[in-house]
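A.B. asks: When you get a sec, could you give me coordinates for this:
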Amino acid sequence: MNDLKDIIKKYNFCVRKYRRVGKVHILYTDKGIICLKEKQRKDIKEIIDYLKAKQFNNILDIECDDSDRFEITRYVEEVPFLIEDKAMEAVYLLSMLHNKTTFYKSISLDDVKCFYERHCDEIINLRDYFNNLCYIFDENLFLSPSNYLFIRNVTVIFNALDSSKYYIDKWYDIMKDKNSKRVVMNHNNLELSHIIIGDHPYIINWNNASVDSPVMDLYNFFRKNFFNINIESLFLVYNSKYQLTTDELFLLFSLLLLPLKVDFSGWEIENTKNVYDTYRYLDSVISFVSKYNLKYDK
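C.D. replies: Numbers count the residues shown, from 1 in each chain. Below you'll find the model as predicted:
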């Protein structure tokens, strides 16, 4: 099916009203209000069916055939929620998703080494990148506000990289002797905009779903939504419902402590904000890791 008219005809919708929000077509029909969105993966219905079979019901049913260009779901009228409350609902749903889809997957020492070496290479590349920025800025006679802010606090970045290496080493020390690891169905793109709270809370947009460590979902959620959430309080909620193992904790710490590259290509006010946001993120993560690690050690 190549266009909207084909879908409407195929499913015999009598459309009374139409509107579009972003990439979503909203149709007011004789069968209720429905949403149509272009399909991004062929197996999306299989993923939804799998989650339903695992009794994870906080998802919307999708109606479509392999030949259809669009996913069809019912429209949910969203109830206004505070960002903090929505974030709390998100980690609760995430813990429930991981609880219901957990299984153990065989791994080899080569698998562990490969992941470890990739992560160490990323740390080295980031260190080289930030060292190069320091060298470039040191050559300037006068520093712009963004350059000065970067240089003034750059030890935060290098301390974070050292800590990331420390925790990935501790992860490797545990995993090298294991022959299996815990995996779950990950959403892999959980943002607050992908949580809809109406008659029930729902997670939408499963186009990036895959089987992997639960750490990856948690890391991506914290990274994507950092400026709207409190990592520490949300992690405590998640971990009370789905407790991470020691190796998973070390992996989460190591991933969170990796700084993103700073973009200096925009206007100076944007560059300064990018630097400030980088340090704000790292300060928060370092504080979280330090506090939680103290509790863990005790």
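
A.B. asks: my guess is Asp199 is in a strand, correct?
C.D. replies: No. Going by DSSP: H, G, I helix; E, B strand; the rest coil, the assignment for Asp199 is coil, not a strand.

A.B. asks: what about it, distance to Ala90?
C.D. replies: Asp199 is 17 Å from Ala90, where distance means C-beta to C-beta, to the nearest Å. Every residue, glycine included, has its C-beta placed from N, CA and C.

A.B. asks: more neighbours, those two?
C.D. replies: Comparing Asp199 with Ala90 by other C-beta atoms under 10 Å, the one with more neighbours is Ala90, at 25 against 9.

A.B. asks: dump the residue contacts of the spatially closest residue to that one that is not a sequence neighbour.
C.D. replies: What sits nearest to Ala90 in space, not counting adjacent residues and going by C-beta to C-beta, 6 or more residues apart in numbering, is Ile195, at 4.9 Å. Listed by C-beta atoms under 8 Å, 6 or more residues apart in numbering, the contact partners of Ile195 are Lys86, Glu89, Ala90, Leu93, Pro201, Tyr202, Ile203, Ile204.

A.B. asks: Need phi/psi at Ile195.
C.D. replies: When read as degrees, to the nearest 10, the backbone of Ile195 gives phi -110, psi 120.

A.B. asks: Which strand residues bridge it?
C.D. replies: Going by DSSP bridges, Ile195 is paired in beta bridges with Ile203.

A.B. asks: go on, Phe70?
C.D. replies: When assigned by DSSP bridges, Phe70 has beta-bridge partners Glu38.

A.B. asks: possible to save the contacts of Ile195 as CSV with distance to Ile168?
C.D. replies: Converted to CSV, those look like this (distance: C-beta to C-beta, whole Å):
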residue, distance to Ile168
Lys86, 32
Glu89, 31
Ala90, 26
Leu93, 28
Pro201, 34
Tyr202, 35
Ile203, 29
Ile204, 33
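
A.B. asks: ok, and the most crowded of the residues you listed?
C.D. replies: Result: Ala90 is most packed of these (other C-beta under 10 Å), 25 neighbours.

A.B. asks: Would you check that my belief about that residue contacting Ile196 is correct?
C.D. replies: No. Using C-beta atoms under 8 Å, Ala90 is not in contact with Ile196; the gap is 10.8 Å.

A.B. asks: which other residues reach stretch 267-277?
C.D. replies: Residues from elsewhere that reach stretch 267-277, judged by C-beta under 8 Å, 6+ apart: Ser144, Pro145, Ser146, Leu149, Phe150, Phe227, Val262, Asp263, Phe264, Ser265, Gly266.

A.B. asks: Apart from its chain neighbours, what residue comes closest to the fourth one?
C.D. replies: In other words, Leu149. Val275 (4.8 Å).

A.B. asks: count of neighbours near the one you found?
C.D. replies: By the measure other C-beta under 10 Å, the count of residues near Val275 is 23.

A.B. asks: how far is the helix or strand harbouring it from where the chain is centred?
C.D. replies: Per DSSP states H and E: Val275 is located in helix 268-297. Between the centre of helix 268-297 and the centre of its host chain there is 17 Å, according to C-alpha atoms, centre = their mean, to the nearest Å.

A.B. asks: Check the model's average confidence along that helix for me.
C.D. replies: The average pLDDT within helix 268-297 is 88.

A.B. asks: Can you list the buried residues in that helix?
C.D. replies: Across helix 268-297, burial judged by 16 or more other C-beta atoms under 10 Å covers 271-275, 278-279, 281-282, 284-286, 288-289, 292.

A.B. asks: try stretch 49-62
C.D. replies: Residues of stretch 49-62 classed as buried by neighbour count (16+ other C-beta under 10 Å): Leu51, Phe56, Asn58, Ile59, Leu60, Ile62.
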